[in-house]
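Participant: Just need the structure, nothing else, for what follows:
(chains A, B and C)
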Amino acid sequence: MVTPLPVTRTHSALQLLKHAIGGHRNWPQYWRSPEPKAAYDVVIIGGGGHGLATAYYLASKHGIRNVALLEKGWLGGGNTGRNTTIVRSNYFYPQSTDLYDHSLRLYEGLSHELNINLMLSQMGILTLANSRHDVEMLQRWSNAIQVQGIACEWLEPEQVQAEVPALDVFGMRYPVKGAFMQRRGGTARHDAVAWGYARGASQLGVDIIQNCEVTGFDISDNRVRAVHTSRGTIRTDKVGIAVAGHSTVLAEKAGFTLPLSSMTLQAYVSEPVKPALDRVINSPMVHAYISQSDRGEMVMGAGADAYYSYGQRGNLPTLEDGVRSILEMFPRFSRLKMMRQWGGVVDISPDTSPIIGKTPVTGMYLNCGWGTGGFKAIPAGGDLLAATIANDKPHPLAEPFCLDRFRTGRLVDEGAAAGVSH
Amino acid sequence: MSMNKDRLPGARVDTSSPVSFFFDGKPYRGYAGDTLASALLANGVRVLGRGFKLHRPRGLMAAGKEEPNALVQLEEGAFTEPNVRATLQPLYQGLRARGQNAWPSVGFDLFGILGLFKPLFPASFYYKTMMWPSWHWYEWAVRRLAGLGKAPRERDPQHYHRQNLHCDLLIVGAGPAGLAATLQAAPSGKRIVLIDEQEEPGGSLLAERESIDGKPAIEWVSATLATLASHANVQILRRTTVTGYYDHDVLAAVERVTTHMGPSAPAHLPRERWWRIRARQVVLATGAMERPLVFPCNDRPGVMLASAVRHYLNRYGVAAGRRTAVFTCNDSAYLTAIDLAERGFSVAAVVDTREGGAGELGDRVRALGIPVHAGHRVLGTRGRKGLRSVRIAPHAGGSESSIACDVLAVSGGWSPVVHLFSQSGGSLRFDETLQAFVPGMSVQQVRAAGAAAGLLDLRGALNGGAEAAVSALHAMGIDAASALAQPAVSVPAAKALEPFWFTPGVPPEYQWLDFQYDVTVADIALAARENFVSVEHVKRYTTNGMSVDQGKTSNVNALAVLADRTSRAIPEVGTTRFRPPYHPVTLGTIAGRGIGDRYAPRLESPIHERHLELGAEMDDYGGWQRPACYLKPGEDEHQATRREMHAVRNGLALFDGSPLGKIEVRGPDAAEFLERVYINSIRNLAPGRARYGLMLNELGIVIDDGVLVRLADDHFLVHTTSGGAGRIFLMLEEWLQCEWTTLRVRCTNVTTQWATVTLSGRGARDLLAPMIQGIDFSRDAFPHMHFRTGSFGGAPVRVLRASFTGEGSYEISVPANRGLALWDAVYAAGEARGIAAFGLEALLMLRVEKGYLHVGADTDGTTNPLDLGWGPVIAKKQSDFIGRRSLSQPEAVREGRFRFCGIEPLDPSKALPIGAHVLDSLPDGRRRSGGYVTSSCFSPTLGCWIGLGIVRDGPDRDGETVTVAGNGIEMQARLRGTVYLDPEGERLHA
Amino acid sequence: MLQIDCPWCGRRDEDEFNCGGQSHIQRPGLDCSDAEWGDYLFARINPKGVSLERWRHTHGCRQWFNLARDTVSHRILAVYGMTDPVPALPEARS
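Facilitator: Next up, the predicted model:
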C-alpha cells in the first residue's frame, strides 16, 4: 500500500475570505467532467457514496488512478442523497461492529482528509427499550458493543429523560424502560459526503462520468472485458459495482443472480424549527427514528414499504405508521408540519447485512445489500471494495460478508441476533 | 402608520364584525373574513419576517400558500404552531402571532447585522469552513441560528381525525375551471367530490374583477354553487387542501376543521381531518401561481406579486400601499394598475420589460393616465424596512430614473400548479409560450384543467373545466355528455410574455430567488461555476426550493438562471420531481387518532379485573397486559416474585395462562400436516395425549415451542407461546395455502376463545375434582402430559396436564366468558389452604430452575434445534419438516456455535446479569463474545443465583470456568447443565 | 397507496395486505445440494418490471393469492389464484 495521496486543500476560512473579496468568481470546480476514454484500469459503476468512496480510495490508497466512475444520473442521487444521514457503529455481531466502526473512524477523520466540512455531528444515538424483553435484549446488545471495545452506555429511564428532554419517557403506550447510547453516533451531511469523495477522486485523476448508463458487459471466459454504456464501450478488466437498489439489474446483465430484494424506504422531514432535539433517537419497538438537522428540520424514518419496488416513492400507510410512531415518542411534535416526503430504493439482503467482495465473474466486484443502513457505511464500503479490487482478494473485514454465505448458511443476521429489527 | 381604516366597498370581509388580534405583542384590529396577512396589511405592518441566513427584513409578498416571508409563530404554550403562513390563517378573535427567527423582534432584529457579512455566506459556504479544529466547535451556534419558528414544548391539546372517502370523480380546486367541471359532471349522477382549499369556493374569481355573462363573476359562483347544492351526488369539501397524489389514484387531503377558530375551538371537534381519498377519475383544477421578477434588492418589504396586490385590494378591500408601481414581463400585471387606479389609488408607473409593452390592457392603463415604461428594467430598490422608490432604466441603456412608490407589484409570468400531476407520475412539458412547465402525459386516471393545464384566461378555465369533466366521464363509460356551452366572458387581447428571468448587467448577489433560504442569482452562478450543473445538485448546493414553500415562487426562476449559466435551454435542464406534500401537513393530522393509548391495542385476559383487585403489577408482554407479580402491602417486585416462587414450590398456586396461544388444526390430513411442521414425530401421538414440540422456519431457526394435544384422530390443539399465536397461525395458513395445497386441513386460532387458569401444587387434584365434572382427576387416570375434557358449571372445559414451572400442574381452559368464574371458584376453594396467585416474573424464573427453554429469550435468530440438544430426536424422524434441510448446511453443524447450557456464578450470592457476555480471548489478546447469559434469577428454592445461556459449544464445556462481563460487572461463572431442580421430574408427576 | 383486488373481498387498501414475496418458487427435497437449498432460500428474481408475487389479505379473508405487478409503476397487471398458472399479461408500462 502506498502513502495516501492528499486532496488539494482549497477549502478554509481564509480561502473563503479571499474568494469573498473576489466575489466568489474563482472557485475551482468540485470535479472535472471529462469525456470517457476508451479504456481504464478499473471501472466503478455507481456514483453514490459507496462508488465514489471506492474510486477515491483506489486512487489515494492504492495508487490506481486510471479509473472511471460511471453514474447513470447525477452524483449522490440515489440513496446517498435520500437517507436520514445517521452514522453509528452500535451493532451486535463482531463482524458488523468491526466493519461499521471502521467506517465511523474513517468518518471521524474525513472532513480533514477530504478538506470538506461533512458536518459530522456526533450528538449521540439512543436506542430505546420499550418493554422488559427489550431491556434484556438491548442490554445484551449494549454489552456486545462494549465487549468489542466500543464505548456504549446504558441509561435508565430518568437518564434518558435528561439526555432527551423532548422525549415522552413515561407517558407512552410503551414507556421507555431504558436505552443504550453510543455518543460517537450521530449524523453527517449526506450530499457533502458524496461531493467530498467526488472532489477527492477527481483531483487524484479519477474520471467522473455522469449521465452514463451501463447497458451491458463484454464477458468472455467468465472474465469481464468491457462495459457497454450509453456513452460508448469502455474496455477494462476490473469492474466494481456499487449501485444499491439496482444491483440485481446489473447482475442480470452480467449473468448472475443475487439474494436481494429492492424495496422503498421512505424518509420525511418537518419544517425547520429552532433546536428541540439534540440526539438521534431510535426505537426498535415502535420502529422509527428521528434526529434534528443543523438546518432545524426533524428528519424522520421508519420501516420500508414491504414489497418489491423500484419506484423511489413511498405510499401512505407506511408514512402514517411512521409518523404515529414518531408522535408516540414525541407527542409534543404533533403540531410540526411535514414538509417533504421521499423514498429510496434499498437493496435488502436476507440477513440485512451487506455483500462485499468477488462475484461469479472474474474481475467483477460487488458492494451491495446495505439495505436501510448504507450511508453510515460509505467510507468502509468504499475502502473495502477498493482493497478487494486492488488486491483481487477480499479485505479481511469484508470476508464475513461474502456472497457465498447464502449457500453455506453463515449469515450475519443483526436483526435476528438482537431480537429486534435493524 | 395606519391605512384603510375602513375597507373598500365590495370587500369580502364583514366590517360590522371587528376582530382584535396581536402581532408581536401589539394589539390590532381586523374584520371577520380577514386573513392574518390582510389584517396586518390593512394595519400597515410591513415587516413580517426575517430572512433565514442574513436576517434582512421581509414583508408580505403573496396572498396564498406560496408566501415565502410572512411566516409567524401562532399562539403560545400548548397551542403554539411555528411557521404559520399569515396569508392562510383566518383571523379570529384574540389571535396572537409573533414574528420568527429574530431577536428581539422582526421589526428590530439584532441579527440583522449578519447582512453586513453577506459576502462570507455564499451558497454552501459551510462546506468550506468551520472544520478547524472540528465542526463540533461551531455546531452549537449554527444550530441555534438556523431553524425558523419554535417547536411546542407541551403535548398537543387538540386532536385529529382520519376519514376515508371513495368517489367516482374528484375535482381539485373550486375556481372557475373546477366549478365548470363539477357543473358539467353533476347531472351524470356519479359520486363527485369537489375539494377547495380556501375559506369559500371561487378561486381566483374571489380576487379578480372578472365578469361572466356581463355580471360580476362572483354572482356566477353563487349561482353555480346553488345549482350544485341541488345535486345530492356532489359533495364539496372546503378549507381542504389535497396534499398528495399516491399510487392507484389515492390522494390525501387535509381539512382544516377548526384552525380558523384558534384555541377556543370546541374541544369535541378535531383540529384537522386527514382524508384518504380513492378516486376513479381525477380532474386537477389547481390554478397557477405568479412568479416574482428577479432584480437587485427584490426582497424589500413592499415588493409584492402583482396578483397578490389585486387579491388584497379586491377581496379584502385593502390597498397594499399608497403609491404603487408595477413591474412585469407579461400583460396580467396591468390589471393591478387598472384595479388600483379605478379604485382611486395612485399608480406611479408600469415598468414593462418588453419593448412592445402590453396589448389591450396597455391601452386601458394609458387611458387611465398611468405612464408605461416599455423596454425597461428595475435596477434597484430603496427603503430600509419598506420600499420607498425603485430605480429603472431602459434595456438599451440610457438614463436611469427613479420612481417613488411604496409598493412594487411584480409579475414574472405564471406557473401552472402541476405539483399533484407530477406526484401522480405524470410527465411535465415546458411550454415556450407560458415559459412554464405544464402537464404532459398522465399515467394515472388524471387530467388537468384551466390554468393548471396552462390555459390562464377565464375562457380557457371554463371550457377546459367542462372538457376535463367530459373526458373523465368518458373514461368511466359515459359517452353521451358533450361539453356544456359556457357563459360569455371577455378576454382582452394580450401580447406574449417575454421571459425576463433575472436582471443582467447588475451584480447578482442581491437578486433573490428563494426568499426563505436567502438564495440569490449569484449562488446559482457559483454552483454552476463549481460544476454543480444538474438541477438536483443545484437545489441541494444552494438550498434553493428546499425551505417550507418547497420552491413555489423560486423553482422556475432558479432553473432559468441555471439554464442561462450553463448555456442550455430550460427543458434541457429539466425540473426536479415534485414530491408530497404539496403543502406541509401537520404531523398530528397524518397520525390521526392512532396515538397514545390507541397506538397499539392492549390485550386483556378475561380475568384482568381480578388481577387488579389482587394488587397485580401489570405490564405489557407481547401486547398482552399481564400481572408481572401481585404486590402485597410493603413489597417490591423482587420480594413479591420470590414469595410467589416459594408458594408455587410449596403450596397451591394459581396462574392466568389465558394468553397462551391455542390453534385448532382439523381435517383428515391434520396429522400429516403437523408432522411436516414439528421437528418431532406427531403421527404416533395417541388421542388424549400431549407432546412438547419445536417449530422451525425454513432457515432451520427455532421460532416457537409448545405443547401439542391430539384431541382426536383428525383434530389437534397446537399450543404456541403467548404472543406467538397470531404469527404461528399465519405461518401454518401460509404453508397450507401456498405450498401444501392438497392437504385437507383447516386451522383456527382459538386463543381468545378460551380462558386458561393454571393450578399447581399439592392438593390441586382434590380441589378440582368436585368443581369439574366428567374428568377422573386421580393420579393414574390423568397423568402428566395427558388431556381431558369435561364440564364446569355446564360449560365445556379442557384440562391439560403440562407444566412450565416444574410442578405438577393443570391447565384448565373454559370459554372466555367463564374465565373469571373459574378463577374465582378455584381461588375461593383454595383460599383456606393459602392459595397464591403468581405472575409472569415468577413463572419465568421458576422455569429457569427447571432449565426449560424460553423461546425468544434463550434463543436468538440464529438458534437451531441442534443448539438446543434436539439432535437425537431429529435423527429418529425420517420425514421432512419445515427447516430440516437447513440443519445439514455447513453452518448448522459447524463447531463453535452458540448452544444452550446452564451457567452459574462461582459466587452463588452474586447475580449474573442477563445479557452479559461470556468472553473468549483471541490470540491477539482482544476479547470477543463467546455467547451470553439469556436467563438469570435468584432461586429461593436453592438459595443461590442460577442462569441459562447460549454459549460457544456450551454443552461440551461442562464445568468450565468462564469470565462473564456485562452491565458494568465482570465475574467468574461455571458452565453446567440446564436443569437445576428435580432432574427426575418427580414433582411433575406428583 | 396500492388498491388491490382481493379475489374474495374486492378492492381494498394495501395496508390490509401483506406481500409474501416472489411466487412460484419450487421447494426442493431433502436430497438437494447445499447450493440448491441456498438458492431456494435466498435467490430472488427481484425484477425491475413485472413481478409475480404472492399476497395475503391479512386483515380480511386471510387468503393468499398471486399478483402480477410492475415494480416501477406499481400497476397491477393480473390477480390469480395460488394454484393457477401465470395468466397472459398485458404489456407492462414501466
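Participant: interface residues of chain C facing chain B?
Facilitator: Contacts of chain C with chain B, taken as CB under 8 Å from any CB of the partner chain, map to C:1-3, C:13, C:20, C:27-30, C:32, C:34, C:37-38, C:41, C:54, C:56, C:58, C:62-64, C:73-74, C:82-83, C:93. Glycine gets a C-beta too; all of them are placed from N, C-alpha and C.
Participant: restrict these to contacts with chain A.
Facilitator: Restricting those to those near chain A by CB under 8 Å from any CB leaves C:1-2, C:13, C:34, C:38, C:41, C:73-74.
Participant: Filter these down to the ones in strands?
Facilitator: Counting by DSSP state E, the part of these found in strands is residue C:13.
Participant: Spell out the secondary structure type for residue B:536.
Facilitator: Here residue B:536 is recorded as helix under DSSP: H, G, I helix; E, B strand; the rest coil.
Participant: Strands of the stretch 551-700 of chain B, start to end?
Facilitator: Counting by DSSP state E, counting those that start in this stretch, the stretch 551-700 of chain B has these strands, from start to end: B:585-586, B:603-604, B:616-621, B:624-630, B:653-656, B:661-666, B:690-696.
Participant: do the same with the stretch 151-300 of chain A
Facilitator: A:153-155, A:178-182, A:186-187, A:207-209, A:214-220, A:223-229, A:232-235, A:239-241, A:261-270, A:280-283, A:288-292, A:298-308.
Participant: Can you tell me which of those is nearest to residue A:44?
Facilitator: Nearest to residue A:44 among these is strand A:239-241 (4.6 Å), distances taken as CB to CB.
Participant: in its sheet, what does the closest one sit against?
Facilitator: Strand A:239-241 has the following strand partners under DSSP bridges: strand A:42-45 (parallel), strand A:364-368 (parallel).
Participant: Name the next helix or strand downstream of the first one, please.
Facilitator: Beyond strand A:42-45 on the C-terminal side, the first helix or strand identified by DSSP states H and E is helix A:49-62.
Participant: I'd say residue A:285 and residue A:128 touch.
Facilitator: Yes. Between residue A:285 and residue A:128 there is a contact at 7.0 Å, judged by CB atoms under 8 Å.
Participant: can you list the residues of the stretch 801-950 of chain B near chain A?
Facilitator: Checking the stretch 801-950 of chain B against chain A by CB under 8 Å from any CB, the hits are B:856-857, B:860-862, B:886, B:889-892, B:894, B:913-917, B:919, B:926-929, B:932, B:934.
Participant: Can you show me the helices along the chain?
Facilitator: You didn't say which chain, so I picked chain A. Listed in chain order, the helices of chain A (DSSP state H) span A:13-21, A:49-62, A:94-114, A:132-147, A:157-163, A:190-203, A:247-254, A:316-329, A:378-391, A:405-408, A:414-418.
Participant: try chain C instead
Facilitator: Here chain C has its helices, by DSSP H, at C:34-42.
Participant: Tell me the residues on it that lie near chain A, please.
Facilitator: Residues of chain C lying close to chain A (CB under 8 Å from any CB) are C:1-2, C:13-15, C:18-19, C:21, C:34-35, C:38-39, C:41-48, C:51, C:53, C:69, C:71-74.
Participant: Which element, helix or strand, includes residue B:486?
Facilitator: Going by DSSP H and E, residue B:486 is not in any helix or strand.
Participant: and it, what does it touch?
Facilitator: Counting by CB atoms under 8 Å, 6 or more residues apart in numbering or on different chains, residue B:486 touches B:180, B:459, B:462-463, B:466.
Participant: Can I take it that residue B:115 is in a helix?
Facilitator: Yes. Assessed with three-state DSSP, residue B:115 lies in a helix.
Participant: give the contact list for the nearest residue to it once chain neighbours are set aside.
Facilitator: Closest residue to residue B:115 apart from its sequence neighbours, by CB to CB, 6 or more residues apart in numbering or on different chains: residue B:54 at 4.5 Å. Applying CB under 8 Å, 6+ apart to residue B:54 gives the contacts B:112, B:114-115, B:118, B:121, B:518.
Participant: residue contacts, the residue of the stretch 1-150 of chain A found nearest chain C?
Facilitator: Closest contact between the stretch 1-150 of chain A and chain C, by CB to the nearest CB, is at residue A:72 (12.8 Å). Neighbouring residues of residue A:72 by CB under 8 Å, 6+ apart: A:211-214, A:230.
Participant: do you know how far it is from chain B?
Facilitator: Counting by CB to the nearest CB, to the nearest Å, the gap from residue A:72 to chain B is 12 Å.
Participant: For that residue, grab phi and psi.
Facilitator: Residue A:72 adopts backbone torsions of phi -80, psi -20, taken as degrees, to the nearest 10.
Participant: Flag the shaky bits of chain C, pLDDT-wise.
Facilitator: Counting by pLDDT under 70, chain C contains low-confidence ranges at C:91-94.
Participant: Centroid-nearest residue for it?
Facilitator: residue C:53 (1.2 Å; CA atoms, centre = their mean).
Participant: how far away is that one from residue A:247?
Facilitator: Residue C:53 sits 19 Å away from residue A:247 when distances are taken as CB to CB, to the nearest Å.
Participant: The strands of the stretch 551-700 of chain B into CSV, with extra columns for mean pLDDT, mean neighbour count and distance to chain C?
Facilitator: Output for the strands of the stretch 551-700 of chain B, formatted as CSV (pLDDT from 0 to 100; neighbours: other CB atoms under 10 Å in any protein chain shown; distance: least, CB to the nearest CB, whole Å):
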stretch, mean pLDDT, mean neighbour count, distance to chain C
strand B:585-586, 98, 25, 15
strand B:603-604, 95, 17, 17
strand B:616-621, 95, 20, 22
strand B:624-630, 97, 23, 20
strand B:653-656, 98, 26, 28
strand B:661-666, 98, 21, 13
strand B:690-696, 97, 21, 13
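Participant: would you turn these into JSON lines with distance to residue B:529?
Facilitator: Below are the strands of the stretch 551-700 of chain B laid out as JSON lines (distance: least, CB to CB, whole Å):
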{"stretch": "strand B:585-586", "distance to residue B:529": "37"}
{"stretch": "strand B:603-604", "distance to residue B:529": "63"}
{"stretch": "strand B:616-621", "distance to residue B:529": "58"}
{"stretch": "strand B:624-630", "distance to residue B:529": "63"}
{"stretch": "strand B:653-656", "distance to residue B:529": "73"}
{"stretch": "strand B:661-666", "distance to residue B:529": "66"}
{"stretch": "strand B:690-696", "distance to residue B:529": "62"}
